[in-house]
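S.K.: Give me a 3D structure for the following:
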Amino acid sequence: MRSLREWLTGTPLPTQRLATERLSNWQGLAAFSPDALSSVAYANQEIYLGLAAAGAAGLAFSGRIALAIGVLLAIVALSYSQTIAAYPSGGGSFTVASENLGRTAGLLAGAALLVDYSLTAAVSLTAGVAALSSAFPALWDYRVALSLALLFLITVANLRGVRESGTLMAFPVYLFLGSFLGMLAVGAVRAVLEGPSPFPGGLASAALPVTPFLLLHTFAAGCTALTGVEAMSNGVPAFRPPEARNAQKTLAVMAVLMAALFLGSVGLTQYFGVTAGSEETILSALARRVLGGGPFYLGVQLSTLLVLAVAANTSFAGFPRVTSVIAQDGFLPHQLAHLGDRLVYSNGMILLAGVTGVLIVGFGGDTHSLIPLFAVGVFLAFTLSQAGMVVHWWRGRGAYWRLKAAVNGVGAAATAIAFLIVAYAKFAEGAWIVLVIMPALVIMFHGIHGHYREVGRELSLKGLPPDIKPLPNPRVVLPISGVHRGVIQALRFARTISDRVTAVYVEVKPGEAKKIREMWERWGQDVPLEVVPSPYRSIVGPFLDYLDKTDQEHNDGQPAVVLLPEFVPARWWHYILHNQTAWILRLALIYRRRREGRIRAIIDIPFYLKE
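M.R.: Just a heads-up that it's a prediction; the model follows:
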């Protein structure tokens, strides 16, 4: 019978299947591009909200801001295409920065990526629910619950494996592309036939003037459209051979589609003078203007919801791979480097789901509150990666290295300027949180690495004396809570490893030991029984004191071996019906450090209950 975990995530896959669990180009586009493609929803919204404060005069700049972001997109995409070719093993900014700029720069890039992927998942899911709420306002009060439900579905889909998640995500991505590009095509035809429309007269009186800071602030908010571009370079190993070439092709297609969706929607919004109410997104308002309020409009909104929901899949594809690479270098827990049953980094996925859930709940499911934290990390990662690529080409000095270095140099300069603008414009709105978290993560990385380095030093065989002598016949202490089949089974085993066995009963209630002694005389096989009184009704403390006392009395240089009889219930819920004394004793023995440094062996003897 399949367990609940297998029912949700599927049966385990053999390691030999790893080579076949690869993505085709169309699956790769679906797996790694939802965040990048769907960013048109919240990026356009942020541009609109930023400029609407300055009225019609401010909204007139939306096209020029979008064009500047489009140029930056082309630079970043070209730069990462070179990164894919140079680093086909994946890792993205962390690998590139570590190898070329030093370990600390690499860890900073890794921290930026982890923050960005977490925020990407939270923003995508909350923006998807906002798109649905624009069509059905009654759902607005349930946006947190809906976001968490979508998060659960995306997590389960990814835990089932790379190929299954890529196939599952393909439908929403291609539905969104078909419906959104269709809407843009209809809008272009209507623009030719109808001509431009002015913004409503109510926008004439602006609350704020058009200032350089307002434009920089809006540009910083709109730069969220570039999130997700790096995911392709992190996920190169997930593609079918030739991995690097297929990833480059898919990146090029993604960049073209991003530009078409972003520039087309912003252009039509400005051309038709579209505005949105407080409970509607600007893309919803544009879809109503172009398609009306019928089924085609609902189709666009539904596809937007679906693609924003699966946009979190970009994070589930990229976050676990980055944590795996960092963990392999010893800067994150080793568990994050291990492939799960379904040949995916399931521990990293579960970690991402937990962090994303906290963000959704902590910010009340509000996309606009999360946006200020969003673009800081991604542009820092962009900058470190492209700067590292310049050093990479300079060191290698292969064919056309000057041209390649120049391309990445332009990318580094452009993204560095964007990073400074975003950090400055969004600092007071929450960007400072990310600017604090990233260095804190780097400090944590170094702390983890230091721990692993110290563990390795202590476990090293270097300096171990060659004349390792076997331990003498051990003293065995058998704690008992009564005389039953489980205890007798443990006693039989104890006598096979030593002829110095002592049973110990901690008497919690006065007078109980008499019955135990009588039964032990019959079943104890001539093994002595020690009764330890416990005036304060504790079992652990008196038993540990007894062990220390007898170790001192024997003074043989070795602590006693503790053999713990433990019965195992047949059903999981039976565990709550028992006091788990053996488990508590085991924890106390394991985590009690001994001053003399000698180990105390602990042996579990399970007795399996049938009912």
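S.K.: C-alpha from now on. contacts and neighbour counts both.
M.R.: Fine.
S.K.: Pick out the residue nearest the middle of the protein.
M.R.: residue 352 (2.3 Å; Cα atoms, centre = their mean).
S.K.: got any ranges where the stretch 501-611 of the chain has weak pLDDT?
M.R.: 593-598 (pLDDT under 70).
S.K.: Could you rerun that using 50?
M.R.: Applying pLDDT under 50 to the stretch 501-611 of the chain flags no residue at all.
S.K.: ok, back up a step: any idea whether the nearest residue in space to the residue nearest to the centre of the chain that is not next to it in sequence is helix, strand or coil?
M.R.: Leaving aside its chain neighbours, residue 352 sits nearest to residue 118 (6.4 Å; criterion: Cα to Cα, 6 or more residues apart in numbering). Secondary structure, DSSP: H, G, I helix; E, B strand; the rest coil: residue 118 is helix.
S.K.: picking that back up, just the pLDDT for the residue nearest to the centre of the chain.
M.R.: Per-residue confidence (pLDDT) for residue 352: 93.
S.K.: and it, what does it touch?
M.R.: 118, 316, 319, 320 (Cα atoms under 8 Å, 6 or more residues apart in numbering).
S.K.: By neighbours, which of these wins?
M.R.: residue 316 (30 neighbours; other Cα atoms under 10 Å).
S.K.: Contacts for stretch 402-419 next, please.
M.R.: 72, 75-76, 78-79, 82, 220, 375-376, 379-380, 382-387, 389-391, 393-394.
S.K.: in that stretch, what counts as buried?
M.R.: 404-405, 407-412, 414-416, 418-419 (16 or more other Cα atoms under 10 Å).
S.K.: sorry, back to before: confidence-wise, which of the contacts of residue 352 comes last?
M.R.: residue 316 (82).
S.K.: For the chain, which residues score under the pLDDT cut-off?
M.R.: For the chain (pLDDT under 50), the answer is 1-5, 7, 13-19, 164.
S.K.: Could you chop it up by domain?
M.R.: 4-453, 475-608 (automatic domain parsing).
S.K.: picking up where we left off before, can I get the buried ones among the contacts of stretch 402-419 as something I can paste into ChimeraX?
M.R.: Applied in ChimeraX, the following selects the buried portion of the contacts of stretch 402-419 according to 16+ other Cα under 10 Å:
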select :72,75,76,78,79,82,220,375,376,379,380,382,383,384,385,386,387,389,390,391,393
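S.K.: Now go through the contacts of stretch 402-419 and say which are in helices.
M.R.: If you go by DSSP state H, those have 72, 75-76, 78-79, 82, 220, 375-376, 379-380, 382-387, 389-391, 393-394 in helices.
S.K.: which residues in the stretch 351-500 of the chain form strands?
M.R.: Secondary structure of the stretch 351-500 of the chain (DSSP state E, counting those that start in this stretch): strands located at 475-480, 500-507.
S.K.: close enough to count as contact, residue 305 and residue 129?
M.R.: Yes: with contact defined as Cα atoms under 8 Å, residue 305 reaches residue 129; the gap is 6.4 Å.
S.K.: how much space between residue 279 and residue 131?
M.R.: 10 Å (Cα to Cα, to the nearest Å).
S.K.: actually residue 40, sorry about that
M.R.: 12 Å.
S.K.: Equivalent analysis for residue 100, please.
M.R.: From residue 100 to residue 131 the distance is 42 Å (Cα to Cα).
S.K.: Look at these two and report which has more neighbours.
M.R.: Between residue 100 and residue 131, counted using other Cα under 10 Å, residue 131 has the larger neighbour count: 28 against 20.
S.K.: re earlier: which of the domains of the chain sits most buried?
M.R.: Ranked by mean neighbour count, the domains of the chain are led by domain 4-453 with a mean of 21 (mean count of other Cα atoms under 10 Å).
S.K.: Now for residue 368: which residues touch it?
M.R.: Per Cα under 8 Å, 6+ apart, neighbours of residue 368: residue 46.
S.K.: same question, residue 373
M.R.: Counted by Cα under 8 Å, 6+ apart, residue 373 has contacts 119, 426, 430, 431, 432, 433, 434.
S.K.: where exactly do the strands run in this structure?
M.R.: Here the chain has its strands, by DSSP state E, at 475-480, 500-507, 529-533, 561-568, 602-608.
S.K.: Just the CA atoms of stretch 122-141, as PDB, please.
M.R.: Extracted C-alpha coordinates of stretch 122-141, given in PDB (Å, rounded to 0.1, in the frame of the first residue of the first chain):
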ATOM      1  CA  ALA A 122       5.700  35.000  -2.900                       C
ATOM      2  CA  VAL A 123       5.200  37.900  -5.400                       C
ATOM      3  CA  SER A 124       4.100  35.600  -8.200                       C
ATOM      4  CA  LEU A 125       1.500  33.800  -6.100                       C
ATOM      5  CA  THR A 126       0.000  36.900  -4.500                       C
ATOM      6  CA  ALA A 127       0.000  38.700  -7.900                       C
ATOM      7  CA  GLY A 128      -1.900  35.700  -9.400                       C
ATOM      8  CA  VAL A 129      -4.500  35.900  -6.700                       C
ATOM      9  CA  ALA A 130      -4.700  39.700  -7.300                       C
ATOM     10  CA  ALA A 131      -5.400  39.000 -11.000                       C
ATOM     11  CA  LEU A 132      -8.200  36.600 -10.100                       C
ATOM     12  CA  SER A 133      -9.600  39.100  -7.500                       C
ATOM     13  CA  SER A 134      -9.800  41.800 -10.200                       C
ATOM     14  CA  ALA A 135     -12.300  39.600 -12.100                       C
ATOM     15  CA  PHE A 136     -14.000  38.400  -9.000                       C
ATOM     16  CA  PRO A 137     -13.700  41.000  -6.200                       C
ATOM     17  CA  ALA A 138     -15.500  38.800  -3.600                       C
ATOM     18  CA  LEU A 139     -12.300  36.800  -3.400                       C
ATOM     19  CA  TRP A 140     -10.200  39.700  -2.200                       C
ATOM     20  CA  ASP A 141     -10.500  38.900   1.500                       C
END
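S.K.: Many thanks, I have nothing further to ask.
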